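Peer 1: Build me a structure from this.
(chains A and B)
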Amino acid sequence: MSELLLEVRDLHVHYPVDGGLSRAVDGVSLDVRRGETLAVVGESGSGKSQTMYGVLGLVPRPPGRVFGGGAYFEGEDLLRASERRLREIRGNRIAMIFQDPMTALNPFLTVERQLTEVLEVHKGMRRKEARGLAIEMLAKVGIPDPERRIDQYPHQFSGGMRQRVMIAMALLCRPALLVADEPTTALDVTIQAQILELLRATRREMDGSIILITHDLGVVAGNADRIAVMYAGRVVEKGPAREIFEAPLHPYTRGLLASVPRLDAEQKAPLVPIAGQPPDPSRLPTGCPFRPRCPAAVARCAQQYPPTRSAGPEREVACWVA
Amino acid sequence: MTSTQPVAGPAPEREEVEGTSLWRDAWRRLRKNRMAVASAAVLLAIVLFCAVGPWLVPYSFDEQDLEYGARGPSAAHWFGTDLHGRDLLVRTMHGGRISLAVGLAATLVSLTIGVSYGAIAGYFGGRIDAILMRLVDVLYTLPFMFVVILFLVLFGRSIVLLFVALGAVSWLTMARIVRGQVLSLKQSEFVDAARAAGVSDLAIVFRHLVPNALGPIIVYATLTVPRVMLEEAFLSYLGLGVQPPMASWGLLVSDGANNMVLHPHLLIFPGLLLTLTLFSLNFLGDGLRDALDPRMRT
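Peer 2: Numbering: from 1, shown residues only, chains lettered A, B, ... in the order given. Alright, predicted model coming up:
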């Protein structure tokens, strides 16, 4: 068993809304080991990104509230760290790449400025020195002619190239943990494959861990060691990727898998969508939040939230019937 | 936005535009804008005319020749003379000094105080925003003339006071404009990305957000110049600003307007220079706004 890099315990992220409370993240526990990729899977609004925002201190406070058992990164509790300390960690020890590389780069600054800024902030480098490293990193993520491209603006890059720039920016300080928030969602399928391959190669080379946040199980397959499935601000199922793909326990995970087209399916199994909509996090139903959409729901599901229980050596599930 | 061609692997892409720094790039684009270049040349000429001109004219701005009053342009007096027989050419030059200085000062104040004030209020939001912007609201509601008169009574009449009074009000609207811009810009993902990269708040405000708001900032700054020039004229007309025998364009124009039927040259010459300056500023501001947006390809 390898060492834990990040350990999130019972994390909550709440936002006040008109006459109520939106529980974007409602008691999430996760852990990431050194050198592994953890995929956090769920629909939009399931709290995947908010969990990471909460850990990194990026939740706007006020109005947001972040509390819980702790978020231990290399032994240090980030929930109780000062803003100053968090700034030292962000971009340096934990880096993040975003969904839309069109908007995540500042349109008014050259790529050079945006890359060197990170090194100036964290490594106290001079601009010239930082520029050399930045060019090196651009070459490493597969940007041709980096000496010339580095002086250009984001709009002069294509979508895939911009995501490569984002990745280069994230890797500059050699972070121990890379959080990839839907890194391929805004890209064409062929570019998606290239970016995923780049992330895989990166992890091998840097010996770091990756949290891959996605709603697309197709992206998870072959890219993640372990999976955490989130629904309505909670982790409903957790386990090694292979086991979850082969034998999903939670009805929601089963639903997700049934709604993804598979090439290896022998029989022409129809795609089955999950009926209904995810609940409004400010008006969660009593009991299990998935109950209204769940094909396997029983009476008990409406009364009490199912506790998370162990289901095998490395597996956990939160369901009464599974 | 620009078109983005799909890239098959790390194949070389050619781009015709070489990137440089924002300012060098802007300068290159600005030079291609003929209206902006012409306006800049006109402005430069006007500044030189006002700054250097008075030494080249054999009259001083307060030298009267009552027997030679209110004549039209002649070889001796190119712009003619005013009612007191003072040379209008040298008076227009002197007036330009005051008017341009007032415009420059107000622009500097609104670019420094107004932009940082508004950007900070917009970015930090919440209580900081509320306090900062209520202060602006209060300053807005104070009757401008009342404040100026109060200042005059307290500190005595001086040109410095004129600058202080105009500077004090010129940044208020700029602060509101920048705050609004920053308020919407801070929702951008690149702000989240910068925060996730550990960039400090002040660096985000001044390095990431303010450049993105440059367009409206410049447009409004170029609008500020004519406005304060007119305000200066108004103050001077009321006897609170520049006093004869000193001159400013506003003062000369208002004098000219009083005598335009009998002596039209008194209105035409200073009016022409004022108009030329304002037009040039507008065109230059337009050109600057386009040149400073790296997404605009010219």
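
Peer 1: How about the residue nearest the centre of chain B, nearest residue that isn't a chain neighbour?
Peer 2: Residue closest to the average C-alpha location in chain B (Cα atoms, centre = their mean): B:Val225, at 3.2 Å. In this structure, B:Val225 finds its nearest non-sequential neighbour in B:Gly103, 4.0 Å apart by Cβ to Cβ, 6 or more residues apart in numbering or on different chains. Heads up, the C-betas are built off the backbone N, CA and C, glycines and all.

Peer 1: Report the mean per-residue pLDDT for the helix or strand that contains the one you found.
Peer 2: Assigned by DSSP states H and E, B:Gly103 belongs to helix B:88-109. Averaged over helix B:88-109, pLDDT sits at 86.

Peer 1: The helix or strand encompassing B:Arg127 - what's its average pLDDT?
Peer 2: B:Arg127 is part of helix B:126-141 when elements are defined by DSSP H and E. Per-residue pLDDT over helix B:126-141 has a mean of 90.

Peer 1: Following element in sequence after it, please.
Peer 2: Heading C-terminal from helix B:126-141 (DSSP H and E), you reach helix B:144-155.

Peer 1: is it true that B:Gly239 lies in a helix?
Peer 2: No - with DSSP: H, G, I helix; E, B strand; the rest coil as the criterion, B:Gly239 is located in coil rather than a helix.

Peer 1: Flag every residue of the stretch 1-150 of chain A that's near chain B.
Peer 2: Residues of the stretch 1-150 of chain A found near chain B (Cβ under 8 Å from any Cβ of the partner chain) are A:56, A:58, A:62, A:87-92, A:95-96, A:98-100, A:102-111, A:113, A:117-118, A:121-122, A:142-145, A:148.

Peer 1: was I right about B:Ala51 contacting B:His94?
Peer 2: No - using Cβ atoms under 8 Å, B:Ala51 is not in contact with B:His94; the gap is 10.5 Å.

Peer 1: Neighbour count: the two, which is higher?
Peer 2: B:His94 (23 against 13; other Cβ atoms under 10 Å in any protein chain shown).

Peer 1: residue contacts, the more buried one?
Peer 2: B:His94 is in contact with B:Cys50, B:Pro54, B:Phe61, B:Met246, B:Ala247, counting by Cβ atoms under 8 Å, 6 or more residues apart in numbering or on different chains.

Peer 1: Redo those as CSV? Include pLDDT.
Peer 2: Listed next are these as CSV, based on pLDDT from 0 to 100:
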residue, pLDDT
B:Cys50, 85
B:Pro54, 78
B:Phe61, 74
B:Met246, 79
B:Ala247, 83
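
Peer 1: In JSON lines, list those residues along with distance to chain A and neighbour count.
Peer 2: Below are these laid out as JSON lines (distance: Cβ to the nearest Cβ, whole Å; neighbours: other Cβ atoms under 10 Å in any protein chain shown):
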{"residue": "B:Cys50", "distance to chain A": "35", "neighbour count": "22"}
{"residue": "B:Pro54", "distance to chain A": "42", "neighbour count": "20"}
{"residue": "B:Phe61", "distance to chain A": "45", "neighbour count": "21"}
{"residue": "B:Met246", "distance to chain A": "43", "neighbour count": "17"}
{"residue": "B:Ala247", "distance to chain A": "42", "neighbour count": "28"}
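
Peer 1: among those, which two are most distant?
Peer 2: B:Cys50 and B:Met246 (13.7 Å; Cβ to Cβ).

Peer 1: Quick one: the helices in chain A, in order.
Peer 2: Listed in chain order, the helices of chain A (DSSP state H) span A:48-56, A:83-89, A:111-123, A:127-140, A:146-149, A:159-171, A:189-206, A:217-220, A:241-246, A:251-258.
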